[in-house]
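> Predicted model follows, preceded by the sequence.
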Amino acid sequence: MTEAGRGVAAMIGACSIWGFIAVYYAALAHVPPLEVLAHRVVWSAVFFGLLLGVQGRLGTTAVLLVDARAWRLVALAAVTIGANWFLFIFAVQSGQVLQSSLGYYIFPLVAVGLGFVVLGERFTRLQAAAIALAATAVAILALGLGAAPWISMALAGTFGLYGLAKNRLAVGPVASVFAETALLVPLALVWLFALHAGLAADPGGRAGAVFGGDPGTTLLLVLSGPLTGLPLVLFSYAARRVAYATLGLIQYLNPTIQFGVAVLLFGEAFTGWHAVAFPLIWAALALYSYETWRRERRAVAGGAPRA
């Protein structure tokens with residue numbers, strides 16, 4: 001298999017894990033989402049720290065500790081990825097994986113919008129058309145279902161802001177995620193200690209402090225760290241071997257699998273309003289993907305380095 005072929009296989013593996021991870025968190029539906037999040041943060045930091053230690057790359061995070069600008073970006077990334085993880089866990093536990101799927105479908109278009117607002121980038125005509133189609137789809141869902149798909153928009157928004165922060169960090173994705181989770185670990189540990197000591201209770205009124213009580217649940221909580229880390233490692237491997245446009249196309253496998261899990265496995269309702277909105281989203285993504293591919297072809301033809 002060629003290097004590019006291995007990269008594509010790694011990307012498919014990463015997106016498959018991300019797509020099916022809802023099934024994993026559904027198995028933790030009896031654990032309050034904030035507690036699941038706290039464990040995911042702690043065990044992800046352990047996983048990434050061990051990985052960097054084995055690779056002899058723990059020192060790569062040092063630049064984030066001495067550079068004030070990098071520190072602020074890490075803090076923004078930590079807050080946004082923490083919020084994104086919580087929203088996803090909440091979506092799974094509340095039976096709204098279809099909204100999660102929609103959120104990750106529209107994320108690339110939200111990222112383009114953030115580039116316009118924050119970075120002053122300009123839309124091409126096709127990008128503008130794609131964003132208009134996506135906005136129309138969201139409006140149709142909001143009007144048809146009587147409520148805005150706020151989980152979808154929040155997932156797309158937090159992940160868009162996360163990507164914006166990450167693009168400005170001068171370290172690799174694994175090192176930066178370690179720094180982000182390490183920054184959140186003290187908060188996570190304080191919350192878990194308070195739960196187990198009886199000093200705090202889940203805001204939703206659910207029974208918590210489950211770690212150590214049931215071996216199966218405890219193992220699932222611990223494995224949330226490697227399950228978070230493995231797809232990122234695969235993505236990092238793929239990103240060094242596969243063209244940006246190809247990565248962009250393959251990443252739609254993630255929300256597509258989520259879509260199938262929501263409708264086929266979890267039995268979530270796919271209404272007539274969804275039947276109108278989702279094809280609009282898919283059409284928007286087709287335009288966006290075509291424009292990304294076309295711009296990359298122009299860059300390669302012009303001798304520019306590949307993204």
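That came through fine.
> could you say what helices and strands the helix or strand encompassing Leu164 packs with?
Element membership for Leu164, per DSSP states H and E: helix 150-166. If contacts are counted by 3 or more C-beta pairs under 8 Å, 6 or more residues apart in numbering; DSSP states H and E, helix 150-166 sits against helix 68-93, helix 97-119. The way it works is simple: take the backbone N, C-alpha and C, and place the C-beta from them, glycine included.
> Can you give me the buried ones in it?
The neighbour-count check on helix 150-166 (16 or more other C-beta atoms under 10 Å) flags 151-166 as buried.
> picking up where we left off before, closest to Ile140 out of the helices and strands packed on helix 150-166?
Nearest to Ile140 among those is helix 97-119; the distance by C-beta to C-beta comes to 11.6 Å.
> what helices or strands is the closest one leaning on?
Contacts defined by 3+ C-beta pairs under 8 Å, 6+ apart place helix 97-119 against helix 68-93, helix 125-145, helix 150-166, helix 253-260, helix 272-301.
> nearest to Asp214, of those helices?
Comparing the helices and strands packed on helix 97-119 by C-beta to C-beta, helix 68-93 comes nearest, at 17.3 Å.
> okay, the angle between the closest one and helix 150-166?
Note on geometry: by axes from the mean of the first three to the mean of the last three C-alpha atoms, to 10 degrees, helix 68-93 and helix 150-166 are set 160 degrees apart in direction.
> Test my guess that Thr217 contacts Ala29.
No: between Thr217 and Ala29 there is no contact under C-beta atoms under 8 Å: 10.8 Å.
> These two - which one has more neighbours?
Higher neighbour count among Thr217 and Ala29: Thr217, with 17 against 14, using other C-beta atoms under 10 Å.
> Once you drop chain neighbours, what's closest to that one?
Excluding its sequence neighbours, the residue lying closest to Thr217 (C-beta to C-beta, 6 or more residues apart in numbering) is Val210, at 5.4 Å.
> separation between the one you found and His196?
Noted for Val210: a distance of 9 Å to His196, by C-beta to C-beta, to the nearest Å.
> Pro32 now?
Distance from Pro32 to His196, by C-beta to C-beta: 13 Å.
> secondary structure class for Ala200?
Under DSSP: H, G, I helix; E, B strand; the rest coil, Ala200 falls in the coil class.
> out of the helices and strands packed on helix 150-166, nearest to Gly5?
Per C-beta to C-beta, nearest to Gly5 of the helices and strands packed on helix 150-166: helix 97-119, 24.2 Å.
> Any buried residues in the closest one, and which?
Buried residues in helix 97-119, defined by neighbour count with 16+ other C-beta under 10 Å: 97-115.
> now do stretch 287-303
Buried-residue list, stretch 287-303, by 16+ other C-beta under 10 Å: 287-289, 291-293, 295-296.
> what's the offset of that stretch from the middle of its chain?
25 Å (C-alpha atoms, centre = their mean, to the nearest Å).
> what residue ranges in the stretch 201-307 of the chain score low on pLDDT?
For the stretch 201-307 of the chain, the stretches with pLDDT under 70 are 244-245, 300-307.
> one more time with 50
Residue ranges of the stretch 201-307 of the chain with pLDDT under 50: 304-307.
> okay, the residue nearest to the spatial centre of the chain: pLDDT?
Per C-alpha atoms, centre = their mean, the C-alpha nearest to the average position across the chain is that of Phe159, at 5.9 Å. Turning to Phe159, the model gives it a pLDDT of 89.
> Identify the residues contacting it.
Applying C-beta atoms under 8 Å, 6 or more residues apart in numbering, we find Phe159 in contact with 80, 84, 103-104, 107, 110.
> which one among the residues you listed gets closest to Glu180?
Nearest to Glu180 among those, counting by C-beta to C-beta, is Thr80 at 9.1 Å.
> Kindly provide the distance from the closest residue to that closest one other than its chain neighbours to Phe47.
Spatial nearest neighbour of Thr80, chain neighbours left out: Tyr162 (4.1 Å); criterion: C-beta to C-beta, 6+ apart. Distance of Tyr162 to Phe47, given as C-beta to C-beta: 19 Å.
> Over to Ala137?
36 Å.
> With Ala201 instead?
Between Ala201 and Phe47 the computed distance is 29 Å (C-beta to C-beta).
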